[in-house]
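> Pasting the sequence and the predicted coordinates here, then a few questions.
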Amino acid sequence: PTVSEWIFYTNVTSKTKNWKRKLYGDFFRTTVENFFQHKDEKRMEKLINVGLRHGHEPKVEDIIKKAEGYIDESFEGEAVLSIGKAIDYIEGGVAGIVNAMPFTCMPGTVVNAVLKKLREDNNNIPYLNMVYEGSEDTNSATRMEAFMHQAKDFMERGVSRPPSVRRHKGARTSTARA
């Protein structure tokens, strides 16, 4: 997740917990902070997004909802954001997903396991898991080249824009866009 996604995610989880614990003052404080953080983000986006094709990012709440059916929102942390974002990218028509993670990263490992099922549910979209451990990996370039070839083939076959992301049993099928 991006830094802003992580900040907004912690705001969402904080608001949820504060409301459940009846800490309404903390809930209100986080709500106000979140409002001004989003306002600042929009102002900065206007400066940065000039010339970018896909500058808009979905709301964190939408990313969390997209992950439903693959990973429960009670499983807090960046794994929920990574899965939801992968689904958002698939809905947007990407031709491949890369999971880049540091060696022994628990959330990255969870994401890797879940993305295998997500891949199967979406026309076997090309997927690459890249683990970095700080030393040079001689076959990384070969793996990336193979991934790019698979993604290009996937795109040329026209399967990169599914009508909706296919989800496994028990998953909600809502694909509303922000």
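On my side now, so go ahead.

> which helix in the chain runs the most residues?
Assignment by DSSP state H gives helix 24-48 as the longest helix of the chain.

> per-residue pLDDT, Phe36?
On pLDDT, Phe36 comes in at 94.

> Run a quick neighbour tally on it.
Phe36: 9 surrounding residues under other CB atoms under 10 Å. Backbone N, C-alpha and C define where each C-beta goes, glycine included.

> Assumed Val98 was part of a helix.
No: secondary structure of Val98 (DSSP: H, G, I helix; E, B strand; the rest coil): strand, not part of a helix.

> That one is in contact with Val131, isn't it?
No: the pair Val98 and Val131 does not pass the contact test of CB atoms under 8 Å, sitting 11.5 Å apart.

> Checking the residue nearest to Glu78 when sequence neighbours are not counted next. Helix, strand or coil?
Among residues not flanking Glu78 along the chain, Pro107 sits closest, at 4.7 Å (CB to CB, 6 or more residues apart in numbering). Using three-state DSSP as the criterion, the local structure at Pro107 reads helix.

> isn't Pro107 right next to Leu81, touching?
No: assessed by CB under 8 Å, Pro107 is found out of contact with Leu81, at 9.1 Å.

> Neighbour count: those two, which is higher?
Remark: of Pro107 and Leu81, Leu81 carries more neighbours, 23 against 16, as counted by other CB under 10 Å.

> who's in contact with the more buried one?
Shown in contact with Leu81 (CB atoms under 8 Å, 6 or more residues apart in numbering): Pro1, Glu5, Trp6, Tyr9, Val60, Ile63, Ile64, Ala67.

> Now for these: which two are most distant?
Farthest-apart pair in the contacts of Leu81 is Trp6 and Ala67; separation 14.9 Å (CB to CB).

> More neighbours: the two, which one.
Using other CB under 10 Å, the more surrounded residue of Trp6 and Ala67 is Ala67, with 25 against 14.

> Nearest residue to that one in space, please, no chain neighbours.
Nearest to Ala67 is Gly84, by CB to CB, 6+ apart, at 3.8 Å.

> For Asp72, see how far away that neighbour is.
Gly84 sits at a distance of 12 Å from Asp72 (criterion: CB to CB, to the nearest Å).
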